[in-house]
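Novice: after the sequence you'll find the predicted model.
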Number of protein chains: 2
Amino acid sequence: MPSAGNQTYHHGDLRSALLDAASARIENQGIEGLSLRKLADDVGVSRSALYHHFRDKNALLNAVAANGFANWIAMTSESGGDESVPAPVRMKQFVHGYVHWAVKHPQLYDLMFGRPIWKNDLADDELKDVAYPAFQYMLSLITHWQQQGLLLADKPALRQTQVIWATLHGLAKLVTDGVYADSSHIDEMCDCAVNMLLPKQ
Amino acid sequence: MPSAGNQTYHHGDLRSALLDAASARIENQGIEGLSLRKLADDVGVSRSALYHHFRDKNALLNAVAANGFANWIAMTSESGGDESVPAPVRMKQFVHGYVHWAVKHPQLYDLMFGRPIWKNDLADDELKDVAYPAFQYMLSLITHWQQQGLLLADKPALRQTQVIWATLHGLAKLVTDGVYADSSHIDEMCDCAVNMLLPKQ
DNA sequence: ATCTTTATCTTGACAGTGTCAAATTATAAG
DNA sequence: CTTATAATTTGACACTGTCAAGATAAAGAT
């Protein structure tokens, strides 16, 4: 029974080792800098050992992206579950949380949304099963805000969710592209977004 | 004096021929499907002839993207210059125009914004010289709307421009990724965005 | 224990990619 | 007509993802 990190012929837990190494490389150099052969070298294994754990490169990237979504959901549902703070503050926190998470993991965020996974239908079921609940969670959040009167009820919650996500994603792109590295700009932009999206009383 | 389309050794206008062929291929198969060697075949020229007109593949993609920005500016400034219609209608038209342009040229739009040109500092001066005025035009538009009272003056026009562009880009991503192919959804989403971004009187 | 089966990993190979150096050819300049 | 310059090609290199066939280790059966 070989343990992880052994020098045996059978690696033991190659799948997760590959996932970790891939995440690390993506975090440092981005998706463009990820080659399967370098990855194999990192883990100390042959080029094509990977194919016994992932169908192809895309499947590996999907798995990394799926981890990203799981990570995002954990972060978000944790910080958003505090019912004691008033709804406007929670929305503000949510917006800042979303954008700051993207700033903290720019390469991962880019993999999850920027790479044409969705356009080219490259997302496998495992990824969809994690990504869809993420959007669903946002929808439930915004439905709740609408019921509380924070948002108007003149448009369906689905549409408002799409618009709000669009704004969040656009802001995230703006900051992860490095044009606005200054963190004060980020917070000002988030505040401005909340200010514009919330109906003035 | 060889004319374009000749079979002579010197192509005559290889640069623009390559640009056209690249645009065509990108429009059909996207950036991922663009190989320099296939491109050379399309134009009927050797693999490395390209390097006498573009420094590398990135320079070619930059040139195509620059054309896209020029195209976008032409479309926008044409449809946005009508001062006879009231400002709220013009903003609505602007939003719909932006998203529909993205839907019409999804692959080009993806090249202009989706590919990590900006994040990885791959944009050359030629591209920046076209892309920056595009944003500047939006800024002037929104400053104008603010002066007309269509938007509040409680936040700087630059911040509001960033937020509005973020929303537009997010919507464009939503629709170009093909999740919402139905055009009625697109219009509803645009309307909802305008509805939310404009201050309620 | 030994044999068989199965999962895992490696080596060799192939087609494809972007890119460069050197050689070739056509155009322009003197 | 010669020279210089620009445009294009051929050969080559390192790199990529992926597959087929063989080698090796672990697990299961007898």
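Specialist: Yep, it's here.
Novice: which residues in chain A form helices?
Specialist: For chain A, applying DSSP state H gives helices covering A:14-29, A:36-43, A:57-79, A:87-104, A:106-109, A:125-147, A:157-176, A:183-197.
Novice: I'd like those as CSV, with mean pLDDT appended.
Specialist: Below are those laid out as CSV (pLDDT from 0 to 100):
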stretch, mean pLDDT
helix A:14-29, 96
helix A:36-43, 97
helix A:57-79, 94
helix A:87-104, 95
helix A:106-109, 96
helix A:125-147, 96
helix A:157-176, 97
helix A:183-197, 96
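Novice: make CSV from those and add mean neighbour count to it.
Specialist: In this view, the C-beta of every residue, glycine as well, is placed from N, C-alpha and C. Shown next, in CSV, are the helices of chain A (neighbours: other Cβ atoms under 10 Å in any protein chain shown):
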stretch, mean neighbour count
helix A:14-29, 17
helix A:36-43, 16
helix A:57-79, 18
helix A:87-104, 18
helix A:106-109, 22
helix A:125-147, 16
helix A:157-176, 24
helix A:183-197, 19
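Novice: A:Leu168 against A:His96, yeah?
Specialist: No: counting by Cβ atoms under 8 Å, A:Leu168 sits too far from A:His96 to count as a contact (10.2 Å).
Novice: hang on, the earlier thing: wait, which of the helices of chain A is closest to chain B?
Specialist: Proximity to chain B (Cβ to the nearest Cβ) singles out helix A:157-176 among these, at 2.6 Å.
Novice: for the closest one, packing partners?
Specialist: helix A:87-104, helix A:106-109, helix A:125-147, helix A:183-197, helix B:157-176, helix B:183-197 (3 or more Cβ pairs under 8 Å, 6 or more residues apart in numbering or on different chains; DSSP states H and E).
Novice: end to end, how far does stretch A:42-57 reach?
Specialist: Stretch A:42-57 stretches 16 Å from its first residue to its last (Cα to Cα, to the nearest Å).
Novice: what do you get for stretch A:41-57?
Specialist: 15 Å.
Novice: pull the distance from it to the chain's centre.
Specialist: 24 Å (Cα atoms, centre = their mean, to the nearest Å).
Novice: next, the contact list for the residue nearest to A:Tyr98 when sequence neighbours are not counted, please.
Specialist: Nearest non-adjacent residue to A:Tyr98, counting by Cβ to Cβ, 6 or more residues apart in numbering or on different chains: A:Leu168, 4.7 Å away. Residues counted as contacts of A:Leu168 (Cβ atoms under 8 Å, 6 or more residues apart in numbering or on different chains) are A:Val95, A:Tyr98, A:Val99, A:Ala193, B:Ala166, B:Gly170.
Novice: using CSV, please lay out the helices of chain A together with distance to B:Asp13.
Specialist: CSV is the format used below for these (distance: least, Cβ to Cβ, whole Å):
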stretch, distance to B:Asp13
helix A:14-29, 38
helix A:36-43, 40
helix A:57-79, 38
helix A:87-104, 43
helix A:106-109, 40
helix A:125-147, 45
helix A:157-176, 36
helix A:183-197, 44
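Novice: you'd agree A:Phe94 is up against A:Leu141?
Specialist: Yes: counting by Cβ under 8 Å, A:Phe94 does reach A:Leu141; the two are 7.1 Å apart.
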